[in-house]
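Colleague: here is a sequence with its predicted model. Questions after.
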Number of protein chains: 2
Amino acid sequence: MQYRIDSASDILGRTPGTLRELLDGLGEEWLRATEGPGTFSPFDVVGHLIDGEETDWIPRARIILAPDPNPAFEPYDRFRHRARNAGRTLASLLEEFARLRAANLDLLRSWHLTEAQLDLPGEHPALGRVTLRQLLAAWVVHDLGHLAQVSRVLAKQYRGEIGPWVPYLPVVTDHPAPRS
Amino acid sequence: MQYRIDSASDILGRTPGTLRELLDGLGEEWLRATEGPGTFSPFDVVGHLIDGEETDWIPRARIILAPDPNPAFEPYDRFRHRARNAGRTLASLLEEFARLRAANLDLLRSWHLTEAQLDLPGEHPALGRVTLRQLLAAWVVHDLGHLAQVSRVLAKQYRGEIGPWVPYLPVVTDHPAPRS
């Protein structure tokens, strides 16, 4: 499928509501569950998505679109949310994520990007040259990957409770050493 | 985490709303996308979850709880939904799934199952002896596995659009030969 701003924005606009339905009001034993040391809980994922709104996707798109001869991205801190959100409730993070995401999508649409602009390059600190189109498509895939991660983290908590079903339910054995 | 009916039912009760937020009104190019021949689209997954409500989890729990000396489960048809839902809209399937799920959770709670009942056995056609507790825990994991699948199927549609981000976004390379 080819990247299209309207179709991609439809997916991006759904993530806050999807996570609210899945997580808001769920018990802490689910919200703070992980896949092991150093991996993200559902609570962490919402914080990480907020970090993306504030420091990754749109800020990097601005760098690409700015009239600057050096379109180098700032490095991204995958653990910024840990200190930022200590003491916060999930409900307040979900509300904040929804507000930030809506504002960023409004901004993206307001740019009325052309195909030529989507081909403009940025410089990723590890990946090298990327285009604005690749950055904006990665934003969508990143959301969906973390939604899959939240589902998987929740599912894994019952791995010891499903007896012989383990090989029939591969979500409980996926990503034994997952990336955050 | 140990299986608990109230905590498990909280997850099960969220699946219809989560899928509605993620999918209702989304374009057909997303809803009918798959991971390749023989794999489920998001539309297929909703139909498969309906099949589970009608023919799998609660019907098998009834077999375990019935005063029958042979608690053998009926085989489950993973492709029942294909003929059943030809011509249906996703919106109508989402509504049907929500209604069936709510009724099944009401029924489950009405049974006021004891720990001794949760240890009762059934006979799975392929897996052999399973307990009611394992069946009910598998119901939760099955939901979450399919939610992860829907997210993954959607994400994979942009695999060709994210350029050098592929190794950073492993959701697009997970399950190259997925089970449905």
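Modeller: Here it is on my side, so go on.

Colleague: where do the helices sit along chain A?
Modeller: Ranges of helices in chain A, per DSSP state H, are A:5-23, A:28-31, A:42-51, A:57-65, A:80-84, A:90-110, A:115-118, A:132-156.

Colleague: so A:Arg32 versus B:Ser151, what's the distance?
Modeller: Taking C-beta to C-beta, to the nearest Å as the measure, A:Arg32 falls 21 Å from B:Ser151. (Glycine included, C-beta is placed from N, CA and C.)

Colleague: more neighbours, these two?
Modeller: Neighbour count, other C-beta atoms under 10 Å in any protein chain shown: between A:Arg32 and B:Ser151, B:Ser151 has more, with 26 against 12.

Colleague: how about A:Arg4, what does it touch?
Modeller: Not one residue lies near A:Arg4 by C-beta atoms under 8 Å, 6 or more residues apart in numbering or on different chains.

Colleague: any chance of the helices of chain A in a markdown table, with mean pLDDT and distance to A:Asp174 too?
Modeller: Converted to a markdown table, the helices of chain A look like this (pLDDT from 0 to 100; distance: least, C-beta to C-beta, whole Å):
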| stretch | mean pLDDT | distance to A:Asp174 |
| --- | --- | --- |
| helix A:5-23 | 98 | 18 |
| helix A:28-31 | 97 | 18 |
| helix A:42-51 | 98 | 16 |
| helix A:57-65 | 96 | 26 |
| helix A:80-84 | 95 | 23 |
| helix A:90-110 | 98 | 24 |
| helix A:115-118 | 97 | 33 |
| helix A:132-156 | 98 | 6 |
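
Colleague: which of these sits most buried?
Modeller: helix A:132-156 (a mean of 25; mean count of other C-beta atoms under 10 Å in any protein chain shown).

Colleague: spatially, what comes nearest to A:Glu29 if we skip its sequence neighbours?
Modeller: Distances taken as C-beta to C-beta, 6 or more residues apart in numbering or on different chains put B:Met1 closest to A:Glu29, at 6.2 Å, once the chain neighbours are dropped.

Colleague: is it correct that the one you found is in contact with A:Ala33?
Modeller: Yes. Look at B:Met1 against A:Ala33 with C-beta atoms under 8 Å: they come within range, at 7.1 Å.

Colleague: spit out the residues that contact the two alike.
Modeller: With C-beta under 8 Å, 6+ apart, B:Met1 and A:Ala33 have common neighbours A:Gln157.

Colleague: burial of A:Thr114, as a residue count?
Modeller: 9.

Colleague: what do you get for the one 10 residues further on?
Modeller: Residue crowding around A:His124 was assessed by other C-beta under 10 Å; the count is 22.

Colleague: before we move on, the earlier item: report the contact partners of the residue nearest to A:Glu29.
Modeller: A:29, A:33, A:157-158, A:160-161, B:7.

Colleague: for the spatially most central residue of chain A, give its distance to chain B.
Modeller: Nearest to the geometric centre of chain A sits A:Asp143, at 3.8 Å (C-alpha atoms, centre = their mean). A:Asp143 sits 8 Å away from chain B, going by C-beta to the nearest C-beta, to the nearest Å.

Colleague: with adjacent residues omitted, what lies nearest to that residue?
Modeller: Using C-beta to C-beta, 6+ apart, the closest residue to A:Asp143 is A:Thr15 (4.7 Å).
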